[in-house]
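[1] Here is a sequence together with a model predicted from it:
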Amino acid sequence: MSQDTLTVTDNRTGQTYVLPIEHGTIRATDLHKITTGNEENGLTIYDPALRNTACCRSSISFVDHGIHHYRGYPIELLADNCSFLDVAYLLLFGELPHEAERENWVSEITHHTMLHETSKSFMEGFLRSAHPMGMLVSTLAAFSTIYPEARDVHDPENRLLQIKRIVAKVPSIAAMSYRHSLGYPYVYPDNDLSYTENFMNMLWKMVEPKYLANMVLAHAFDVLFILHADDGQNCSAATVRCVGSAETDPYLATAAAAAALAGPLHGGMTEDLVRMLNAIRSPEKVPAFIKDVKEGRRKLVGFGDTGPVDSDPRTKIIRRTVEQVFDVTGKNRRLEAALELERIAREDDFFVTRRLYPSVDFYTAIIYQAMGFRPEMVTVLQAVPRTVGWLAHWQEMLTDPEQKIAQPAQVYTGRGERELPPLEPHPVGVSEEATFSC
C-alpha cells in the first residue's frame, strides 16, 4: 500500500477506506464513498469559511509564516529590483519579461489607460460624498457594457486584450473617483509617464502644463503596488474565482472581487486603520489610547501575529519606504503619533506577549496618510495593484481543466417537509385607496 494514502475506518459500519493523498490534501469527493447506504452522496466536509479546504491548485503566489513569493521569486527581491508592471507581467504570465517583452507590455498598458468618455457620465452620477470604493466597483462593472466582447472568455487573444485594458484602466478609474470626491476636473492620462507616475499625474495634477512626478513617491507607489499585488487565496481572490467560474466576463468578475476587498474585514480594514491613527492625532495621546486598548475600550487595528518587523520581508521593505516618503513629505503630528504607537507596541509586554506586531497594512496606512489621502481612498489604492492578482487567478481558473462552476454544498438544518396551513384568499387587484412610495 502506498504511504501517500489515508486509511479511514467508519465506526458506523466497520468499513475501511483508503484515500490517496496528493500535495498534502485529499479530495473531498473521495469522501462520498464513505456511506452507510442510507444517504445519497456519502460524507461531506463541513468547513465554515473554507478555513481548511483548498478550492484550487495555483502556481501564482505562496504565502506562509513570513514567506511571500510570486511565481517562486521572494517578494523582497522583486520590490528592490522590479517595477510594478514587471511584477504584473510575472503574475499574469509566469515569468519576468525580457527586454522586448517589457517594452511591448509597457507600451500596450500605456496606450490602454484612456477611459471611454461615457465613464465621465458614470462618475458624474455619484454624489461627491459617495465612497470611492463604491465608485470604483460600479464603474468597473459598467465597463462590461462598453466592451461586450469580453464575454468570450475562452478566446485567449480576446482574454488578453481585456486583461491589458483592465490593468491599464483601473488606475484611471481610481484617480477619477478621487478627483470627483474633491470636486476637481478629471485629468487625462499622459503616455510619456510610467505607470505609477501617470497615476500620480491623474491624482494630483492641477494647473501646471506638464506634471513632474516626484521620483521618491513614484518608487513608493511601485513598492506598495508590488507588495499588494497578490496575497494567495484570500476573500477577494476566492471571489474572483467563484464569480469567474460561471464564465462571467472579467469586468464583472473583478468588480465582484473589489466589492469583497471593500469589506472592513478585508481591504477596508486599512481604511479603519487610517481613521484610528487620525483619531489619536498626536503622540501625547498615544499612552491614553494604549491604556484604552488594554482595558478593552478601544479597538486596535493594523496589528497582528506577523512577527517582528525583521521576520516579515514585506514589513521590512515597507518600513524602509516609510522613511524615504517622510524625507519628501515631512512628518506631522498624526504621523508622529503613528510612529510612537509603533515604538510602544514593539516594546510593551502587552503587545509582545500577544504577538501583536505592526502589519504591512499599518505601514501602508502611514505612507498614504503622509501623501495626504483621506481614509476612504486607501482601499481603492489597494485595489489598483490587487486587480493584477485577481486577473491572474481568473485566468488560471479558466484554463484549469479541473475547474467547474463553483457550487458549494450546504448542511441543511431547516424544517422537514410539512403541510401548508389554510390561507385567506389572496386579494385580486389594488384598492383605490392604495398609495405607492419608493
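    Here it is on my side, so go on.
[2] Could you list which residues are in contact with the residue nearest to Phe303 when sequence neighbours are not counted?
    Using C-beta to C-beta, 6 or more residues apart in numbering and skipping residues adjacent in sequence, the residue nearest Phe303 is Leu356, 4.3 Å away. For glycine as for every other residue, the C-beta is placed from the backbone atoms N, C-alpha and C. Applying C-beta atoms under 8 Å, 6 or more residues apart in numbering, we find Leu356 in contact with Leu300, Phe303, Gly304, Asp305, Ala345, Phe350.
[3] Just the buried subset of the residues you listed, please.
    Leu300, Phe303, Gly304, Ala345 (16 or more other C-beta atoms under 10 Å).
[4] Can you give me the distance of Ser144 to Phe126?
    18 Å (C-beta to C-beta, to the nearest Å).
[5] Redo the contacts of Leu356 as TSV? Include secondary structure.
    Formatted as TSV, these follow (DSSP: H, G, I helix; E, B strand; the rest coil):
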residue	secondary structure
Leu300	coil
Phe303	strand
Gly304	strand
Asp305	coil
Ala345	helix
Phe350	helix
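[6] low pLDDT regions in the stretch 1-150 of the chain?
    Applying pLDDT under 70 to the stretch 1-150 of the chain flags the ranges 1-2.
[7] Which parts of it are strands?
    Remark: strands assigned in the stretch 1-150 of the chain by DSSP state E, counting those that start in this stretch are 5-10, 15-20, 61-64, 67-70, 73-74.
[8] pLDDT at Val309, what is it?
    For Val309, the pLDDT comes out at 50.
[9] Show me the domain layout of this structure.
    5-50, 73-257, 268-370 (automatic domain parsing).
[10] I'd like the ones you listed as CSV, with distance to Thr379 appended.
    What follows is the domains of the chain, written out as CSV (distance: least, C-beta to C-beta, whole Å):
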stretch, distance to Thr379
domain 5-50, 21
domain 73-257, 5
domain 268-370, 5
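[11] Quick one, which of these gets closest to Gly389.
    Gly389 lies closest to domain 73-257 among the domains of the chain, at 3.2 Å (C-beta to C-beta).
[12] Show the end-to-end separation of the closest one, please.
    25 Å (C-alpha to C-alpha, to the nearest Å).
[13] please renumber so the chain begins at 21
    I'll keep to 21 as the first residue from here, and by that count the last item is domain 93-277.
[14] now that domain: how far from the chain's centre is it?
    13 Å (C-alpha atoms, centre = their mean, to the nearest Å).
[15] What of stretch 388-399?
    Between the centre of stretch 388-399 and the centre of its chain there are 17 Å (C-alpha atoms, centre = their mean).
[16] quick one: average confidence on it?
    For stretch 388-399, the mean confidence score works out to 95.
[17] Buried residues of that stretch, list them for me.
    Residues Tyr388, Gln389, Ala390, Met391, Phe393, Arg394, Pro395, Glu396, Met397, Val398, Thr399 are the ones in stretch 388-399 that count as buried (16+ other C-beta under 10 Å).
[18] Could you pull out the buried residues of the lengthiest helix in the chain?
    Scanning the chain for the longest helix, with DSSP state H as the assignment, gives helix 176-202. Buried residues in helix 176-202, defined by neighbour count with 16+ other C-beta under 10 Å: 179, 181-201.
[19] again with stretch 354-371
    Arg354, Leu355, Ala357, Ala358, Leu359, Glu360, Leu361, Glu362, Ile364, Ala365, Phe371.
[20] Alpha carbons of it, as PDB, please.
    What follows is stretch 354-371, C-alpha atoms only, in PDB (Å, rounded to 0.1, in the frame of the first residue of the first chain):
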ATOM      1  CA  ARG A 354      -0.500  62.400  13.300                       C
ATOM      2  CA  LEU A 355       2.400  60.700  11.700                       C
ATOM      3  CA  GLU A 356       4.500  61.200  14.800                       C
ATOM      4  CA  ALA A 357       1.600  59.600  16.800                       C
ATOM      5  CA  ALA A 358       1.600  56.600  14.400                       C
ATOM      6  CA  LEU A 359       5.400  56.100  14.900                       C
ATOM      7  CA  GLU A 360       5.000  56.400  18.700                       C
ATOM      8  CA  LEU A 361       2.300  53.800  18.600                       C
ATOM      9  CA  GLU A 362       4.600  51.500  16.600                       C
ATOM     10  CA  ARG A 363       7.500  52.100  19.100                       C
ATOM     11  CA  ILE A 364       5.400  51.300  22.200                       C
ATOM     12  CA  ALA A 365       3.800  48.200  20.500                       C
ATOM     13  CA  ARG A 366       7.200  46.800  19.800                       C
ATOM     14  CA  GLU A 367       8.400  47.100  23.400                       C
ATOM     15  CA  ASP A 368       5.300  46.800  25.600                       C
ATOM     16  CA  ASP A 369       4.800  43.300  27.100                       C
ATOM     17  CA  PHE A 370       1.100  43.500  26.400                       C
ATOM     18  CA  PHE A 371       1.800  43.500  22.700                       C
END
